[in-house]
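Peer 1: Whatever this is, show me its structure:
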Amino acid sequence: MEAGPKILIVDDAIEFCEALKWVLSHEGFDCSVAANGKEAVDLLSDHQTHLILLDWEMPVMNGREFLEHRAQNPSLLNIPVIVLSAAVNIHQAAMRLGATDFLQKPVDFETLLAKVTSVVGTSV
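Peer 2: So this is what the prediction gives:
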């Protein structure tokens, strides 16, 4: 069976990452996890990715810093990013920095699946 679209989950909350990975994997997506933006940058250099789900508040390299890094790297610009955050009033900042979409935490998994499918398609 061919793996579905590849999604990189970037979040320092391990339990949340595992829950997202479980839900998305059961829908046919191939998921990887990074604990912060720096780990994500390292993973992206070696792996093809169709979508990034990015937390805003993380240690080492946060969501803002990751999006700023992405803006300076043409090889990353074609990868859509959905920012997932409990932080309030960051939606506009995330969109200005190049995010494709934004979801407020706690995330409704049905809404998340609908957004993921709209971005990467239904090739699963």
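
Peer 1: Sketch out the low-pLDDT regions of the protein for me.
Peer 2: Per-residue confidence for the chain (pLDDT under 70) gives these ranges: 1-2, 122-124.

Peer 1: the helices in it, which residues?
Peer 2: Remark: helices assigned in the chain by DSSP state H are 14-26, 37-44, 63-71, 74-77, 91-96, 109-120.

Peer 1: and the fifth one, what does it pack onto?
Peer 2: Spelled out, that is helix 91-96. In terms of contacts (3 or more C-beta pairs under 8 Å, 6 or more residues apart in numbering; DSSP states H and E), helix 91-96 is packed against helix 63-71, strand 81-85, strand 101-104. The way it works is simple: take the backbone N, C-alpha and C, and place the C-beta from them, glycine included.

Peer 1: so how far is C31 from the residue positioned nearest the centre of the chain?
Peer 2: For the chain, the residue whose C-alpha lies nearest the mean C-alpha position (C-alpha atoms, centre = their mean) is L53; its distance is 1.2 Å. Between L53 and C31 the distance, using C-beta to C-beta, to the nearest Å, works out to 9 Å.

Peer 1: what does G98 give?
Peer 2: 22 Å.

Peer 1: More neighbours: the two, which one.
Peer 2: The neighbour comparison of G98 against C31 (other C-beta atoms under 10 Å) goes to C31, with 22 against 15.

Peer 1: hang on, that one packs against K21?
Peer 2: Yes. If you go by C-beta atoms under 8 Å, C31 and K21 touch, sitting 4.5 Å apart.

Peer 1: Next, show the common contact partners of these two.
Peer 2: With contacts defined as C-beta atoms under 8 Å, 6 or more residues apart in numbering, the residues shared by C31 and K21 are I9.

Peer 1: Cross-check the contact I'm expecting between K6 and H47.
Peer 2: Yes. Shown here, K6 and H47 form a contact pair, counting by C-beta under 8 Å, at 6.8 Å.

Peer 1: Start and end of stretch 72-81, how far apart?
Peer 2: Start-to-end span of stretch 72-81 (C-alpha to C-alpha, to the nearest Å) is 15 Å.

Peer 1: Please read the previous query as pertaining to stretch 37-51.
Peer 2: End-to-end distance for stretch 37-51: 14 Å, by C-alpha to C-alpha.
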